[in-house]
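S.K.: Below are the sequence and a predicted model for it; my questions follow.
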Amino acid sequence: MRAWRGLGQWRRESSFSTWLFALASNVFRSDLKRVPTTNIPIEAIIEPARPATQGDELQRKLRHEVVRRAVLALPLRYREAVLLFYFHEMDVAATARTMGLPEGTVKARLSRARELLRRRFPRLADEHAAMELSASIGKEA
């Protein structure tokens, strides 16, 4: 609203985006001044009980996006089998019926797709192996 109302104050000496950004920054600073601040001594701040997990969540989302893009880059014959089996969680028989192929062909395509992904993204395969190892160790404990 302030941008619309203040449009007449734009002198066209700079680009519109620069003027709009300056206006938004000023509005933000003004709103920030309305929030009361309290000073707390650092000794009074309690240490978190467990580590923050935002970074883990972001890393998981990024990994998921990389895997999704990698799968979409596969040749169609392999991509379709991977999408049905892993993303739609169909078993081999259901995937074979959907694709109109024998189960052995679907198994071969899934194996070939995994191998293509391992070769193209070796670091991702290493991370996956490390995560599986960590999960198995956690189950044993």
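M.R.: Great, that's in hand.
S.K.: Spatially central residue for the protein, please.
M.R.: Note on the chain: the residue nearest the mean C-alpha position is Lys61, at 2.6 Å, using Cα atoms, centre = their mean.
S.K.: residue ranges with poor pLDDT in the protein?
M.R.: Along the chain, the model assigns pLDDT under 70 to residues 45, 125-141.
S.K.: so how far is Thr105 from the residue nearest to the centre of the chain?
M.R.: Computed as Cβ to Cβ, to the nearest Å, the Lys61 to Thr105 distance reads 33 Å. In this view, the C-beta of every residue, glycine as well, is placed from N, C-alpha and C.
S.K.: One more: Gln54?
M.R.: Distance of Gln54 to Thr105, given as Cβ to Cβ: 43 Å.
S.K.: One more: Glu65?
M.R.: Glu65 is 29 Å from Thr105, where distance means Cβ to Cβ.
S.K.: Of these two, which one has the most company?
M.R.: Using other Cβ atoms under 10 Å as the criterion, Glu65 and Thr105 rank with Thr105 on top: 14 against 10.
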